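**Student:** Dropping the sequence and predicted coords here.
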Amino acid sequence: MHALRCLTGSGIPVGKAFGEGIKRRLSYVLGIETSCDDTGIAIVDTAGRVRANVLESQQEFHTRYGGIIPPRAQDLHRARIESAFERCLAEAQLEPEELTAIAVTTRPGLPLSLLVGLRFARHLARRLQKPLLPVHHMEAHALQVRMEHPEQIPFPFLCLLASGGHCQLVMVHGPGRLTLLGQTLDDAPGEAFDKIGRRLRLHILPEYRLWNGGRAIEHAAQLASDPQAYDFPLPLAQQRNCSFSFAGIKNNSFRAIRTRERLERTPPDGVISNYGDFCAGLLRAVSRHLMHRTQRAIEYCLLPQVQELFCDSPPTLVMSGGVANNDAIYANIAHLAAQYGWRSFRPSKRYCSDNGVMIAWHGVEQLLQDKEGSLRFDYDQIEIQGSAGFAESQEEAVTAAALKCKWIQPLC
C-alpha cells in the first residue's frame with residue numbers, strides 16, 4: 001500500500017508506472033478460468049514460463065447427468081477455487097505478494113461460473129492491491145499459442161477457434177484487437193461431438209466412460225473397417241461466406257444412427273456394430289466443413305486490400321480451442337494451410353482445452369502491450385458477460401466478396 005500511495009502522490013499514473021516496471025523485470029501473472037465446468041488457476045511469468053498450473057475438472061460429475069448443470073457447476077467452482085489457488089502458489093513457490101497482476105475470465109461463458117472466478121479475483125486483487133485484468137475467453141484461446149512460439153508467431157495471424165461452445169474465424173492483431181470473419185450459426189463442433197457421442201451411446205463402452213464426445217469419436221474412428229460407409233451432406237455449400245453450421249451434421253447423424261439401430265435391432269443399452277465406420281464418416285464431415293470455411297478465410301486474407309493488413313508477417317494459420325486437440329482435424333487444417341504455403345500452429349494439447357495458463361498468458365500480453373497505463377484498479381467496474389463478440393467484424397465484407405474456391409480435399 002505504501003508503494004501504491006507513493007506512485008499516486010508523485011503524479012505518475014499508477015498503471016503507467018506499473019507497465020514501465022513490468023518491462024524492466026520478470027513479473028508473474030495469476031490466471032483464473034471458470035467460464036464453464038473447469039476450475040483452472042495458473043501462474044505464468046513475462047518470459048512465457050508456466051510456473052504453476054492447477055486444473056480441477058468437473059467432467060466426471062456432469063457426464064453422469066448428460067450435460068453441464070450451471071448451478072452445480074457454480075457450486076463445484078466455489079468449493080474448489082480457494083484450494084486450487086493455494087496449490088498453485090505452492091507449486092510456483094511464490095508468496096501472494098510476489099504476483100504482479102491477476103487476470104480472470106469475464107466473458108463469454110456461463111454467468112454463474114464466471115461470477116465465482118470474478119469474485120475471487122476481485123477479492124485477491126483488492127487484498128494484494130494488484131491490477132485486475134479482464135480476459136475474453138476466446139481471445140485467450142487465440143493468443144495461447146504465442147506463449148509457446150513467441151518469435152515465430154507475430155501479429156497479425158489468422159485463427160480458427162473451435163470448441164464446445166464456439167466456432168469462429170478471426171484475424172488476430174493483439175489483445176482486444178480481433179476481427180471476426182465468420183462464426184457458427186447454431187451448434188459448435190465440440191457440442192455436436194458431445195451430443196452425437198451420447199446418442200451413439202459410446203459412454204456405454206468401458207474405454208469411453210469418462211471421455212468427452214470428441215475424444216471418444218476420434219478414438220473410435222481409428223477402428224473403422226470401412227471409413228467411407230457413412231457420408232454426410234456438406235453444410236452451407238451454397239453460401240460463400242465463412243459461417244459454420246453443425247446442426248445439420250448432428251441431425252443427419254441422429255438419423256443415420258436410428259436407421260442402423262432399426263436394421264440391427266440394437267437394444268436400448270447397446271451400440272451399433274459399425275460405430276467405428278460411423279465415427280470415421282462423422283470426423284471426415286466435420287473436417288471437411290472446417291476446411292472449406294477456413295479456406296475461404298485464407299482466400300479473403302489474400303485479397304490485396306486485406307493482405308496489406310498483414311504487412312511483413314509470415315502468413316500463419318493457428319487452430320485453438322478444445323477441438324484442436326483432435327489430431328485428425330488438426331492434420332487436415334495443417335494440410336490446408338500447407339497448400340497455400342502458410343505455416344500452421346496449435347497450442348500444446350494440455351493448453352488447447354480450457355485452462356488457467358491461457359488466461360494468465362493473456363494477462364501477460366495485456367501487461368506487455370500496455371502503452372497507455374490503462375491497468376485496471378477499478379475492481380467493481382469489471383463485470384461478467386455471458387456472451388461477447390470481438391472488437392471488429394468483417395463478416396459482411398467476406399459475404400460481399402463471394403469468393404469461389406477450388407476446394408482442398410481432406411487427407412482421409
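**Tutor:** Perfect, I can see it now.

**Student:** contacting residues for the residue nearest the centre of the chain?
**Tutor:** Centroid-nearest residue in the chain, with C-alpha atoms, centre = their mean: Gly321, separated by 3.1 Å. The contact partners of Gly321, taken as C-beta atoms under 8 Å, 6 or more residues apart in numbering, are Met138, His141, Leu161, Ala162, Ser163, His166, Gly190, Cys352. Every C-beta, even on glycine, is put in place using the N, C-alpha and C of the backbone.

**Student:** wait, what's in contact with the closest residue to it other than its chain neighbours?
**Tutor:** Excluding its sequence neighbours, the residue lying closest to Gly321 (C-beta to C-beta, 6 or more residues apart in numbering) is Ser163, at 3.5 Å. Residues in contact with Ser163 (C-beta under 8 Å, 6+ apart) are Met138, His141, Ala188, Pro189, Gly190, Gly321, Gly322, Val323.

**Student:** what's the answer for Glu207, then?
**Tutor:** Glu207 neighbours (C-beta under 8 Å, 6+ apart): His219.

**Student:** Quick check: of the contacts of Gly321, which lies closest to Ala52?
**Tutor:** Taking C-beta to C-beta as the measure, Ala52 lies nearest Cys352 of the contacts of Gly321, at 19.0 Å.

**Student:** tell me the domain ranges of the chain?
**Tutor:** Structural domains annotated on the chain: 14-153+351-381, 157-347+392-401, as defined by automatic domain parsing.

**Student:** So which of those is nearest Pro410?
**Tutor:** domain 157-347+392-401 (4.9 Å).

**Student:** quick one on the thing from earlier: what pLDDT does the residue nearest to Gly321 get?
**Tutor:** On pLDDT, Ser163 comes in at 95.

**Student:** Please verify my assumption that Cys301 contacts Val170.
**Tutor:** No. Applying C-beta atoms under 8 Å as the test, Cys301 and Val170 come out as separate, 11.2 Å apart.

**Student:** what number of residues lie near Ser387?
**Tutor:** Using other C-beta atoms under 10 Å, Ser387 has 9 neighbouring residues.

**Student:** right, and it touches Pro108 too?
**Tutor:** Yes. Assessed by C-beta under 8 Å, Ser387 is found in contact with Pro108 at 4.8 Å.

**Student:** what about the stretch 251-400 of the chain, any weak spots by pLDDT?
**Tutor:** Low-confidence segments of the stretch 251-400 of the chain, defined by pLDDT under 70: 371-374.

**Student:** That one: helices as residue ranges?
**Tutor:** For the stretch 251-400 of the chain, the helices defined by DSSP state H, counting those that start in this stretch occupy 275-301, 304-307, 327-339, 349-352, 356-368, 395-401.

**Student:** Report the inter-axis angle for the first one versus helix 327-339.
**Tutor:** Compare the direction of helix 275-301 with that of helix 327-339 by axes from the mean of the first three to the mean of the last three C-alpha atoms, to 10 degrees and you get 30 degrees.

**Student:** residues contacting His219?
**Tutor:** Glu207, Tyr208, Trp211.

**Student:** Sitting in strands, which of these do you find?
**Tutor:** Assignment to strands by DSSP state E places none of these there.

**Student:** Turn the residues you listed into JSON lines, columns for pLDDT and distance to Ala247.
**Tutor:** Output for the contacts of His219, formatted as JSON lines (pLDDT from 0 to 100; distance: C-beta to C-beta, whole Å):
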{"residue": "Glu207", "pLDDT": "94", "distance to Ala247": "29"}
{"residue": "Tyr208", "pLDDT": "94", "distance to Ala247": "24"}
{"residue": "Trp211", "pLDDT": "89", "distance to Ala247": "23"}
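
**Student:** Distance to Arg127 added to those residues, as JSON lines?
**Tutor:** Shown next, in JSON lines, are those (distance: C-beta to C-beta, whole Å):
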{"residue": "Glu207", "distance to Arg127": "46"}
{"residue": "Tyr208", "distance to Arg127": "44"}
{"residue": "Trp211", "distance to Arg127": "39"}
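
**Student:** Relative to Leu76, which of those residues is nearest.
**Tutor:** Trp211 (19.5 Å).

**Student:** how far away is that closest one from Asn325?
**Tutor:** 11 Å (C-beta to C-beta, to the nearest Å).

**Student:** Between these two, which is the more surrounded one?
**Tutor:** Taking neighbours as other C-beta under 10 Å, Trp211 and Asn325 compare with Asn325 leading, 23 against 19.

**Student:** and the nearest residue to the more buried one once chain neighbours are set aside, what does it touch?
**Tutor:** With C-beta to C-beta, 6+ apart as the criterion, Asn325 has its nearest non-adjacent residue at 4.7 Å, and that residue is Cys352. Cys352 makes contact with Ser320, Gly321, Gly322, Ala324, Asn325, Arg346 under the criterion C-beta under 8 Å, 6+ apart.

**Student:** cool, and Ile298?
**Tutor:** Going by C-beta under 8 Å, 6+ apart, Ile298 touches Leu158, Leu317, Leu336, Ala337, Tyr340, Trp342.

**Student:** Looks like Met147 contacts Ile359 (just checking).
**Tutor:** No. Using C-beta under 8 Å, Met147 is not in contact with Ile359, being 11.4 Å away.

**Student:** In PyMOL, how would I select the buried members of the contacts of Ile298?
**Tutor:** Selecting the buried subset of the contacts of Ile298 in PyMOL, with 16 or more other C-beta atoms under 10 Å as the burial test, is done by:
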select buried, resi 158+317+336+337+342
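
**Student:** As a markdown table, the contacts of Ile298 with distance to Pro70 would be great.
**Tutor:** Output for the contacts of Ile298, formatted as a markdown table (distance: C-beta to C-beta, whole Å):
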| residue | distance to Pro70 |
| --- | --- |
| Leu158 | 33 |
| Leu317 | 34 |
| Leu336 | 36 |
| Ala337 | 37 |
| Tyr340 | 41 |
| Trp342 | 39 |
